[in-house]
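A.B. asks: Below is the structure, and that's it, no one-letter string:
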């Protein structure tokens with residue numbers, strides 16, 4: 001590596017994502033934007049506890065032209081890392097709806113824990129302060145000195161690997177209230193409660209010989225577990241940020257690539273078959289819209305020939321044009337003025353439960369993705385699909401010049417890009433351009449703790465949020481996760497599928513919220529064993545493949561809602577993880593299936609907690625989840 005040519009150092013990924021777990025063990029989060037083999041030993045430790053996902057950060061050197069020179073490991077440079085994370089959820093404002101929606105123009109979101117006033121509100125902020133670590137194989141003191149009303153809350157820790165890269169670990173999924181009499185009551189705004197998610201800036205100084213460079217900073221976000229680590233949601237957080245930055249900090253091509261822009265979206269619909277039975281019926285194996293069926297995929301990837309526009313040669317030149325158009329017309333237009341219940345994706349929108357009726361009661365892909373789909377439907381796309389191509393399985397398989405971009409994308413590709421009600425890892429502010437100072441890099445608050453950006457009065461409004469000096473103008477520690485539910489478990493346990501609330505037709509499985517991270521219906525290990533057992537009658541195997549019990553059955557679905565969301569606090573680490581299985585079970589079944597595995601799954605089924613194979617939500621639960629928000 002030509003160290004003399006390096007004039008700038010940057011940390012990648014620009015936004016790293018860690019996840020809580022109830023194990024001391026961990027695995028490194030995705031570093032390439034496609035599924036890879038599971039970590040050694042799987043996603044659980046020997047005791048069955050859920051491993052935490054770590055975020056690993058690297059530093060790359062750039063020359064005067066902005067070209068990547070190489071990664072600056074301990075072999076080439078001395079690096080001092082500093083991380084400052086916090087949790088400000090309890091001191092922020094309630095989540096009632098995404099405040100950037102047109103319908104939210106008059107919405108007033110009150111403070112959380114509004115009965116606590118003045119300087120006492122500092123007790124609601126969990127801020128252990130910054131930690132610094134340097135050199136390979138080093139460990140800093142943990143982020144365990146922050147308190148919530150005098151109660152210590154551990155937000156994780158940092159250390160370096162043997163190459164001097166930073167490894168950040170978040171909390172253990174511990175949520176609670178040290179205050180007497182405070183119980184969970186709702187999905188997002190539980191007074192007196194905290195969790196141990198967090199976020200904040202990652203900075204570094206880099207010494208190369210006698211030169212000292214300040215690295216371009218990054219950010220780390222600690223979110224809930226990813227219960228479907230190989231499955232990609234129909235719209236990712238990377239998609240959301242690209243759309244927010246397109247035409248400003250990012251210039252995307254107008255002509256889509258089938259491989260990079262169209263196929264991922266279609267295949268992600270297919271992914272959801274393993275976590276939602278409605279998607280299985282519509283987009284799964286052998287379904288009418290099984291986009292990964294080789295014969296169908298070949299048609300979708302075929303570009304019109306030169307004579308497609310002629311009157312006599314249209315059918316000859318573009319035999320699959322009508323197929324592309326019908327698929328495009330099935331998608332919900334993000335700019336539509338009317339709500340179309342049956343449009344794709346069959347997912348609830350940001351406005352659902354808060355503003356009804358609204359065009360945004362149903363989910364729509366970003367305007368960028370929608371424009372790409374439209375160009376594809378018109379036959380204007382790069383026909384670059386190669387069915388034999390193998391995606392990189394590790395960062396070492398990526399061209400060195402492309403590794404920083406791969407890291408930036410991978411961290412966000414495995415995060416939910418909506419609906420934002422409020423969401424899983426991050427929520428609606430991430431689609432606002434003013435949040436960013438560079439591609440996938442957040443604008444940092446000049447106050448290192450970001451405390452002077454906490455008080456906007458008793459109520460937060462859209463006008464305040466969108467003002468030039470509002471809460472989206474800069475971020476400090478805790479300012480990304482503060483918009484999320486507190487605690488995260490109450491939201492994860494509440495956001496399901498099949499809410500039979502108008503204007504949606506009643507359905508047991510769809511629409512849904514976040515099945516790729518919070519599954520609805522799953523293929524169990526017991527069913528999978530029957531599917532791959534050739535000695536079983538075919539009708540028995542087919543029935544086993546179609547049987548998809550409710551993933552959250554451990555919450556005892558017949559119990560009252562409050563008991564269910566409270567139980568989630570204690571059992572989140574025991575919920576099944578959806579893991580990849582490869583087996584040639586014959587042409588009647590896919591060679592790759594995703595199976596719900598976890599401790600004591602067999603005992604759970606035998607104990608009668610499986611419930612119905614569906615995931616319909618009772619009226620009582622639906623009213624509790626959404627009824628209180630319908631006041632506009």
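C.D. replies: That came in fine, so what should we check first? All values reported here derive from a predicted model rather than from experimental measurement.
A.B. asks: hey, let's count contacts and neighbours off CA atoms from now on
C.D. replies: Noted.
A.B. asks: Provide the contact partners of stretch 410-417 at residue level.
C.D. replies: For stretch 410-417, the surrounding residues in contact (C-alpha atoms under 8 Å, 6 or more residues apart in numbering) are 13, 15-17, 29-34, 229, 231-233, 235-240, 423-427, 514, 517.
A.B. asks: Which ones among these map onto helices?
C.D. replies: Among these, DSSP state H puts 237-240 in helices.
A.B. asks: so which of those is the most crowded?
C.D. replies: Scoring the ones in helices among the contacts of stretch 410-417 on neighbours with other C-alpha atoms under 10 Å, the highest-scoring entry is residue 240 at 25 neighbours.
A.B. asks: ok, now which ones touch it?
C.D. replies: Taking C-alpha under 8 Å, 6+ apart as the definition of contact, the neighbours of residue 240 are 366, 417, 430-431.
A.B. asks: how does it look with 10 Å?
C.D. replies: Applying C-alpha atoms under 10 Å, 6 or more residues apart in numbering, we find residue 240 in contact with 246, 365-369, 412-413, 416-418, 428, 430-432.
A.B. asks: Likewise for residue 180?
C.D. replies: Contacts of residue 180 by C-alpha under 10 Å, 6+ apart are residue 192.
A.B. asks: Need phi/psi at it.
C.D. replies: phi -70, psi 140 (degrees, to the nearest 10).
A.B. asks: Could I get the pLDDT score of it?
C.D. replies: The per-residue pLDDT reported for residue 180 equals 89.
A.B. asks: cool, and residue 35?
C.D. replies: The predicted structure lists residue 35 with a pLDDT of 89.
A.B. asks: Please name the nearest non-neighbouring residue to it.
C.D. replies: In space, not counting the residues next to it along the chain, residue 35 is nearest to residue 230; the distance is 5.1 Å by C-alpha to C-alpha, 6 or more residues apart in numbering.
A.B. asks: Isn't the one you found up against residue 36?
C.D. replies: Yes - here residue 230 reaches residue 36: they are 7.5 Å apart, a contact under C-alpha atoms under 10 Å.
A.B. asks: okay, these two: which has more neighbours?
C.D. replies: Under the neighbour definition other C-alpha under 10 Å, residue 230 and residue 36 were set side by side, and residue 230 has more, 21 against 15.
A.B. asks: that older thread, just give me the closest of the contacts of residue 240 to residue 79.
C.D. replies: The shortest gap between residue 79 and any of these belongs to residue 412, at 25.0 Å (C-alpha to C-alpha).
A.B. asks: from the chain's centre, how far out does the helix or strand hosting that closest one sit?
C.D. replies: According to DSSP states H and E, residue 412 maps onto helix 403-413. Centroid separation for helix 403-413 versus its chain: 14 Å, with C-alpha atoms, centre = their mean, to the nearest Å.
A.B. asks: Flag every buried residue along that helix.
C.D. replies: Of the residues in helix 403-413, those buried by neighbour count under the rule 16 or more other C-alpha atoms under 10 Å are 403-404, 406-413.
A.B. asks: Report the contact partners of residue 478.
C.D. replies: If you count contacts by C-alpha under 10 Å, 6+ apart, then residue 478 has 84-89, 125-127, 197-201, 220-222, 449-451 around it.
A.B. asks: Of those, which belong to helices?
C.D. replies: Among these, no member is found in helices (DSSP H).
A.B. asks: Return the subset of those residues lying in strands.
C.D. replies: Counting by DSSP state E, those place 198-201, 220-222 in strands.
A.B. asks: so what strands line up beside the helix or strand hosting residue 133?
C.D. replies: In this assignment (DSSP H and E), residue 133 forms part of strand 131-134. If you go by DSSP bridges, strand 131-134 pairs up with strand 78-83 (antiparallel).
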